[in-house]
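**Q** Here is the input, now give the coordinates:
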Amino acid sequence: METTSTAEKKEEIKQKPLLGVTVHVDCVLLVITACSFLTRLWRLEEPRSIVFDEVHFGRFTGYYLQNVFFFDLHPPLGKLLLAAAGYVAGFQGNFQFTSIGQEYPCDGDIPIWHLRLIPALFGALLCPVIYQIFVTLGFNYWTATLAASLVVFDNALLTQSRFILIDSMLLFFCVLSIYSLVRFRRLKDRAFSKEWWGCLCMLGVSITCAISVKYAGIFTVFIVGLVLLYDYWQLIGDQTKSARTLWHHLLSYFGVLVVLPIMLYLAIFYVNLQVLYKSGPHDDRMTSAFQASLEGGLSKITKGQPLEVAFGSQITLRHTHGSHPCWLHSHKHIYPIRYSDGRGSSAQQQVTCYSFKDINNWWIVKNPNHTNIQVSDPPEVIHDGDIIQLIHGMTGRTLNSHDVAAPVTPQMMEVTCYIDYNISHAAQNLWKVEIVNADIEGDTWQAIKSQVRLVHVNTSCALKVSGAQLPDWGFYQFEVGSDRIVNQDANIWNVEEHKYTRFGDDKDGDISDSLQQPDEEQTYTTGSNHHLGFMDKFLELQWRMLAANQEVHQEHRYSSEPLEWLLMQRGIAYWMNPTNNAQIHFLGNPVIWWSSSISLVIYILILCVFVVRWCRQCDDLSTDEWDRFLLAGVLFGGGWLANYLPYFLMERTLFLHHYLPAYICKIALLPVTLQLIYLHVLRSQIQRSLFTSLLAVWFTTVIMVFYQFTPFSYGHYSLSDEGIESRRWMDTWGFLIHSQLHV
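**A** Residues are numbered from 1 along each chain as shown. Here you go, the predicted model:
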């Protein structure tokens, strides 16, 4: 018997293949993924017109391909991916994205299909990742299938994935971050294995990519961080873990989830700045030093100009840190004798900050102890702490301040160009130069590099741009005054354009003539190309982007408030056919949208009941089930809160598409709630059968409504006026009807 058994085993071994691969195919996942790709890629080139924010992101793609610097309030990763697609497709960036509705050329100059492909791929991949999250969490396959299907059949997610936009990329990386976290937590018993490190690295990369597409990704990172913090707290309380193991975990988290994201984030910006090295249309949003580091533009203007500012220098002074670029400016007009509020002025010559380059922006730096305004030989350079006068080049009047309230901001003092009326207002025109960055650039006043404050000697107030605009008598230019609070960014200036004053042998030459003469080669040229390091450019760009996010204030017909998002009270018109009712309108599937909102309330109620019963020693759920449903609640319910509540604090123009990261979390919580009801609320088989039947009817309705609203997602055919009205389920939905539009 033993001999026969041994022979059979040997025969079995011989029958095994030398090299074999076992493949498990999830057919449901394949079908869902196929449906996702089909819905996102179908008729991707239509409409062949600019749709909504394609006018911005398409233009940005062109700038990348022509290496032209531009400014945008979003981080660069999403735009870089679009530019990469355009580069591979042979796009030269020569198409001008001018307005929504503009027709794309049919000659192939712009590869519209390839540019829209990148967002469509990210949008399509959302569905399988959602499916895998539910499977990894331990939910049954019916629940995972339902979750992924709801993403497939939502019109808002479909619409946002089909055009040259970056929201689908943000959603994908946020969902991938959650999937990476769930996978990583399942490996806590296999710490420091290859798979453990792989999931941890995938988590670090995905959270970096989410933030690098849009800063809204930080809200998802917040939830991920909370879960990891809780896990580490539990690890500290595990008596089987040594202090050395805890330190290894902490250092691993810090290295992969802090250091690696920082390095990747910097690398993305490095690539962005390396590609965008030419001067572009948004240069004036950046400081003079940043502009001078770009090829062309200001660097061409300032090439060869003197570096060190001296007595006799002709300069333009740019407000360094303002969100609205402007230059110190004056003109022959005077302040009105009385302002609209009844306050009186000095009726002196106006001094403003003007947003455009102009001959009236030029000033001459004068030594108060001398009468001439020429540069000496050698130049008498100005240092930190020196006292100067500034003479307006076109009018010849000196920059002045006195104890008279500024026109719009009475807390500041008025700044003028002094007119001698031979009355009690004596000239107070001495200013002390304080070089703010003297520890970096030295105590010599330098063009472009030095950031200076001009402190009025008589009042110890600093020259400042208040940010307020003057009325019509000031031509709506920005108000300039002097402020007692010296240490603030609003009173920092830098010299942008610079030349030395020369009148030849005639020392009594006219100042304005010297400004209007062609530039001659300067004798004392010590500066040419102004190099700005990567970190300096990165930090400046980062600050400008964060500030710009808070300055998006504009009236828009389709803007909405966060409270309106819960019930989808207002959509967004993305595109309208100029000849018929075919249109793209951003609107979700109403059945999914409203059902998921209701599920939030139901989930909270059920959870509260179970918590109360648990406190009373009623074990309705096993430990694994508790962990599963609580984790899902934190990831999806907490994700919804984290991505939704911050918008109530934002004072900026908002649209329904800002709700998408919160919305996809809300969609994911709906199947969780349904499984919770099915398994732990309904007790009898009859109740469950009835519930299943109702779910089948509900899901059929989801698909039917999805199909009914697809004309607003694809814009592939024109609905009749009655067809549009029949889909206007809420009066606030702003669908367009061509016959009712006013041309």
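**Q** what residue ranges in the stretch 351-500 of the chain score low on pLDDT?
**A** 421-426 (pLDDT under 70).
**Q** what secondary structure does Glu434 sit in?
**A** What DSSP: H, G, I helix; E, B strand; the rest coil gives for Glu434 is strand.
**Q** So it is in contact with Val452, correct?
**A** Yes - with contact defined as CB atoms under 8 Å, Glu434 reaches Val452; the gap is 6.3 Å. Any C-beta I mention is one placed from the backbone N, CA and C, and that applies to glycine too.
**Q** who has more neighbours, these two?
**A** Val452 (26 against 18; other CB atoms under 10 Å).
**Q** which residues touch that one?
**A** Applying CB atoms under 8 Å, 6 or more residues apart in numbering to Val452 gives the contacts Val433, Glu434, Ile435, Val436, Trp445, Ile492, Trp493, Asn494, Val495.
**Q** for the stretch 551-700 of the chain, what spans make up the strands?
**A** Counting by DSSP state E, counting those that start in this stretch, the segments of the stretch 551-700 of the chain that form strands are 572-576, 583-586.
**Q** And those strands: which comes nearest Leu158?
**A** strand 583-586 (10.1 Å; CB to CB).
**Q** got any ranges where the stretch 501-650 of the chain has weak pLDDT?
**A** Checking the stretch 501-650 of the chain against pLDDT under 70 turns up 502-531, 552-553.
**Q** Going by residue numbers, what spans are helices in it?
**A** 511-516, 534-549, 562-565, 590-615, 623-632, 638-644 (DSSP state H, counting those that start in this stretch).
**Q** Counting by contacts, list what the second one packs against.
**A** When contacts are defined as 3 or more CB pairs under 8 Å, 6 or more residues apart in numbering; DSSP states H and E, helix 534-549 packs onto helix 260-275, helix 288-292.
**Q** can you tell me the average pLDDT over stretch 174-182?
**A** Averaged across stretch 174-182, the pLDDT comes to 97.
**Q** buried sites along that stretch?
**A** Neighbour counts over stretch 174-182 (16 or more other CB atoms under 10 Å) mark Cys174, Val175, Leu176, Ser177, Ile178, Tyr179, Ser180, Leu181, Val182 as buried.
**Q** in a strand, that's where the fifth one is, yeah?
**A** No - for Ile178, which was evaluated using three-state DSSP, the result is helix, with no strand membership.
**Q** one step back: pick the most buried one from the strands of the stretch 551-700 of the chain.
**A** When those are scored by mean count of other CB atoms under 10 Å, the highest mean neighbour count falls to strand 583-586 (a mean of 23).
**Q** Please compute how far that one lies from its chain's middle.
**A** Strand 583-586 has its average C-alpha position 24 Å from the chain's average C-alpha position, going by CA atoms, centre = their mean, to the nearest Å.
**Q** on that earlier part again, out of the buried residues of stretch 174-182, who's nearest Gln550?
**A** Cys174 (22.1 Å).
**Q** Identify the residue spatially nearest to that closest one, adjacent ones excluded.
**A** Thr220 (4.2 Å; CB to CB, 6 or more residues apart in numbering).
**Q** and the helix or strand where that neighbour lies, what other elements does it pack with?
**A** Element membership of Thr220 [criterion: DSSP states H and E] is helix 217-236. Packed against helix 217-236, as judged by 3+ CB pairs under 8 Å, 6+ apart, are the following elements: helix 167-186, helix 194-213, helix 243-254, helix 638-644, helix 660-680.
**Q** how about a markdown table for those helices, with distance to Phe356 added?
**A** Listed next are the helices and strands packed on helix 217-236 as a markdown table, based on distance: least, CB to CB, whole Å:
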| stretch | distance to Phe356 |
| --- | --- |
| helix 167-186 | 35 |
| helix 194-213 | 34 |
| helix 243-254 | 49 |
| helix 638-644 | 40 |
| helix 660-680 | 38 |
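**Q** Could you work out which of those helices reaches nearest to Ser713?
**A** Using CB to CB, the helices and strands packed on helix 217-236 put helix 167-186 closest to Ser713, at 13.3 Å.
**Q** The closest one to helix 623-632, inter-axis angle?
**A** If you take axes from the mean of the first three to the mean of the last three CA atoms, to 10 degrees, helix 167-186 sits at 150 degrees to helix 623-632.
**Q** circling back to that earlier point, redo the helices of the stretch 501-650 of the chain as CSV? Include distance to Cys209 and mean neighbour count.
**A** Output for those, formatted as CSV (distance: least, CB to CB, whole Å; neighbours: other CB atoms under 10 Å):
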stretch, distance to Cys209, mean neighbour count
helix 511-516, 51, 15
helix 534-549, 17, 15
helix 562-565, 25, 16
helix 590-615, 26, 16
helix 623-632, 23, 16
helix 638-644, 16, 22
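**Q** The ones you listed into a markdown table, with extra columns for distance to Leu694?
**A** Formatted as a markdown table, these follow (distance: least, CB to CB, whole Å):
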| stretch | distance to Leu694 |
| --- | --- |
| helix 511-516 | 81 |
| helix 534-549 | 44 |
| helix 562-565 | 27 |
| helix 590-615 | 12 |
| helix 623-632 | 22 |
| helix 638-644 | 24 |
